[in-house]
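>>> Compute the structure for the input listed below.
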Amino acid sequence: MIPLELSLDDILRALGPAIYETLIMVGISSLATVVLGLPLGVVLFVTQRGGIVANPVLSITLSTIANITRSIPYAILMLSLIPFTRWLTGSSVGPMAACVSLTIGAVPFFARLVESALRDVHPGKVDAAHAMGSTRMQTVTKVLLPEAGPSLIAAITTTVVTLVGYSAMAGLIGGGGLGRRGGIALVGQRSELQMLGETVAEDVLWGMDAHEREQVDLAGVLGLVGLGGLESASPHHLSGGQLQRLSLAGALARSPRLLISDESTAMIDREGRAQLMGVLASLPSRGIAVVHVTHDAGEVAGAERVIRVEGGRIVYDGDRPACLDAAWFQRQTGAGGEP
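Numbers count the residues shown, from 1 in each chain. Model prediction:
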């Protein structure tokens, strides 16, 4: 690990535009979610069995759609909506594009909260409204919604907080905001599931605006990870080790201060593992701190600090001695475990 020192000016320069983009994403998507989710929640409530406009077929259909949409992880939902987002907004990256997936992901969630809030209204008040000759619409607008007001406000608050979390994930794949400018990059073990561009160059620069792309030394980044000259190649034609290094190139193109390597060598052969570890070992000298998670004790030899986690607990935390090797590590920490 290396110390990370940021001045106040650095923090303000990074956070200013990021906060602005996040506010745009959360603000627009929150408004759209309430506009679309409130009537959907009302329909879910009034069409259920025993509702004031009971319609079992419509209720089951809408419930199924809402449940399926809610069950899809947001990152997968955002990626699957890229074609629709590009058609609707003209782009698949940026805050406005992220608003599409944020809204679609949050509407079913908010609608269920609205439905739950309406269930808390005492049935006697609905019966009283009917006895006084209220129409169905009047019952909804004059009785149900006002009586559920405090719960609806809580539902809106919960939804906005959820959207803030979603917006951070959106930033990781081109949405902008705090998620993109956090100074932290992640390289996982299944890089083939993270390929978004049709060429190596497009994949490395995915999610960046024109200004950010101009600041990237694409040839230098690809040369650093051993992919120089492959800018126009298709990621689908790369080997497993090359895909991992492509994923690393995409992370390095964003100039992170901290790189988290989560089992990034687990799915590649010995040669590819050695090449990737060589690149990771060179990053601290470039001002990038590296946290490498691995089950291979042999990969800790180049670490300045070794932490072993077993059963969710830290069982070893120490500096790397000069004689550190896999056998030493196993003697100190026991076989197995996750350094």
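>>> what sits up against stretch 143-162?
Stretch 143-162 is contacted by residues 26, 30, 33-34, 37-38, 42, 45, 106, 109-110, 113-114, 116-118, 120-122, 125-126, 129, 134 when judged by Cβ atoms under 8 Å, 6 or more residues apart in numbering. Where you see a C-beta, it was placed from the backbone N, CA and C, and this is true even at glycine.
>>> CA atoms only for it - export them in PDB, please.
Output in PDB follows, covering the C-alpha atoms of stretch 143-162 (Å, rounded to 0.1, in the frame of the first residue of the first chain):
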ATOM      1  CA  VAL A 143     -59.500   9.500   1.000                       C
ATOM      2  CA  LEU A 144     -56.800   6.900   0.200                       C
ATOM      3  CA  LEU A 145     -54.000   9.200  -0.900                       C
ATOM      4  CA  PRO A 146     -54.500  11.900   1.800                       C
ATOM      5  CA  GLU A 147     -54.800   9.300   4.600                       C
ATOM      6  CA  ALA A 148     -51.600   7.500   3.300                       C
ATOM      7  CA  GLY A 149     -49.800  10.900   3.000                       C
ATOM      8  CA  PRO A 150     -47.100  10.300   5.800                       C
ATOM      9  CA  SER A 151     -46.400   6.800   4.500                       C
ATOM     10  CA  LEU A 152     -46.100   8.100   0.900                       C
ATOM     11  CA  ILE A 153     -43.600  10.800   2.000                       C
ATOM     12  CA  ALA A 154     -41.500   8.100   3.700                       C
ATOM     13  CA  ALA A 155     -41.700   6.000   0.500                       C
ATOM     14  CA  ILE A 156     -40.400   8.900  -1.500                       C
ATOM     15  CA  THR A 157     -37.600   9.400   0.900                       C
ATOM     16  CA  THR A 158     -36.600   5.700   0.800                       C
ATOM     17  CA  THR A 159     -36.800   5.800  -3.000                       C
ATOM     18  CA  VAL A 160     -34.500   8.800  -3.300                       C
ATOM     19  CA  VAL A 161     -32.000   7.200  -1.000                       C
ATOM     20  CA  THR A 162     -32.100   4.100  -3.100                       C
END
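>>> tell me the mean pLDDT for it?
Stretch 143-162 shows a mean pLDDT of 90.
>>> same deal with stretch 25-40?
If you average the pLDDT over stretch 25-40, you get 93.
>>> so after the one helix or strand T157 maps to, what's the next helix or strand?
For T157, the host element (DSSP states H and E) is helix 149-172. Scanning forward in sequence from helix 149-172 by DSSP H and E, the next helix or strand is strand 184-187.
>>> Remind me what that following strand packs against, helices and strands.
When contacts are defined as 3 or more Cβ pairs under 8 Å, 6 or more residues apart in numbering; DSSP states H and E, strand 184-187 packs onto helix 240-252, strand 258-262.
>>> Note down every partner strand of the last one and its orientation.
Using DSSP bridges, the neighbouring strands of strand 258-262 in the sheet come out as strand 184-187 (parallel), strand 289-293 (parallel).
>>> what comes up buried for that strand?
Within strand 258-262, the residues scored as buried using 16 or more other Cβ atoms under 10 Å are L258, L259, I260, S261.
>>> Could you list the low-pLDDT ranges of the stretch 101-250 of the chain?
168-169, 171-184, 189-196, 207, 209 (pLDDT under 70).
>>> Need the nearest residue in space to N67, chain neighbours excluded.
Nearest non-adjacent residue to N67, counting by Cβ to Cβ, 6 or more residues apart in numbering: P108, 7.6 Å away.
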